[in-house]
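> Could you look at this predicted model? Sequence included:
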Amino acid sequence: MNIPIVPPPADQEDLPSGSEGPIIISDVIQLDHSINIFAGFTRDIEPVAKRLEDGSRNTTVLAPLNSAVKALPRKPWEDPRDYAALGLDAYTGPGGEDRAHRNLRRFVQAHIIPTSPWKEREKIESLVGGSVWWETKNGKRTIQPGDIEVSVVANRVANGELWIIKGVINYA
């Protein structure tokens, strides 16, 4: 599914709006099937879901393609340190579920930038911490550190932007 790229609004009156008011990130993140794994994760992490539903909190979402999430050496909720400390049962029982949720929250929050618009070379801490910025290299927008290519800035809406990226932000 291709979602049209919407130019940035000149002012609030130019923002796209739906039947219930301005369109926000939580409205559009679920529309692109190429990022539906990450979109589902955002709904599972309450502080992130609330932020994406809040029209007053500008955010840039760096949504990894499904292929990038699938290419990870482990699931986003798994941490090798948990396996080293607790063995194969690291994610069983209530304690295991808590660990998995905490790890997934860290993964998702690493991809949420609490500003929009986000200027080139502007270093910002993601919600999990750690400074990230973007720059243009060889005509392509890349996220640093890590040289993660931005596939497309898919949407610009009332509370921010949705960027689709070809890799994942370091969340360890």
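Here it is on my side, so go on.
> before we move on, could you check phi and psi at S67?
Main-chain torsions, S67, degrees, to the nearest 10: phi -60, psi -30.
> the helices in the chain, which residues?
25-28, 36-44, 46-53, 66-70, 80-86, 93-109 (DSSP state H).
> for the chain, where's the lowest mean pLDDT among helices and strands?
Of all the helices and strands that make up the chain, strand 17-18 has the lowest average by mean pLDDT, DSSP states H and E, namely a mean of 48.
> Show the pLDDT at the spatially most distant residue from the centre of the chain.
No residue in the chain sits farther from the centre than G87, which is 29.8 Å out by Cα atoms, centre = their mean. For G87, the model assigns a pLDDT of 92.
> Repeat that for W134.
Note on W134: pLDDT of 98.
> Just give me the neighbour total for G93.
10 (other Cβ atoms under 10 Å). (Glycine included, C-beta is placed from N, CA and C.)
> I should have written K140 there, sorry.
By other Cβ under 10 Å, 12 other residues sit near K140.
> Same check on the one 3 residues further on?
By other Cβ under 10 Å, 22 other residues sit near I143.
> how about it, what does it touch?
Neighbouring residues of I143 by Cβ atoms under 8 Å, 6 or more residues apart in numbering: 62, 132-134, 149-150, 165, 167, 169.
> What count of nearby residues applies to the closest residue to V168 other than its chain neighbours?
Spatial nearest neighbour of V168, chain neighbours left out: P64 (4.8 Å); criterion: Cβ to Cβ, 6 or more residues apart in numbering. Here the count is done by other Cβ under 10 Å, and P64 has 26 residues near it.
> could you list every residue that touches P64?
By Cβ under 8 Å, 6+ apart, the contact list for P64 reads 35, 37-38, 111, 164-169.
> Report the buried members of the contacts of I143.
Buried members of the contacts of I143, counted by 16 or more other Cβ atoms under 10 Å: 62, 132-134, 150, 165, 167, 169.
> Which member of these is positioned nearest R81?
Nearest to R81, judged by Cβ to Cβ, of the buried ones among the contacts of I143 is I169 at 18.6 Å.
> Tell me which of the helices of the chain sits nearest to R156.
helix 25-28 (9.5 Å).
> okay, that closest one in CSV with CA atoms only?
What follows is helix 25-28, C-alpha atoms only, in CSV (Å, rounded to 0.1, in the frame of the first residue of the first chain):
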residue,chain,number,x,y,z
ILE,A,25,0.1,9.9,13.8
SER,A,26,-2.0,7.2,15.4
ASP,A,27,-4.5,7.5,12.5
VAL,A,28,-1.9,6.9,9.8
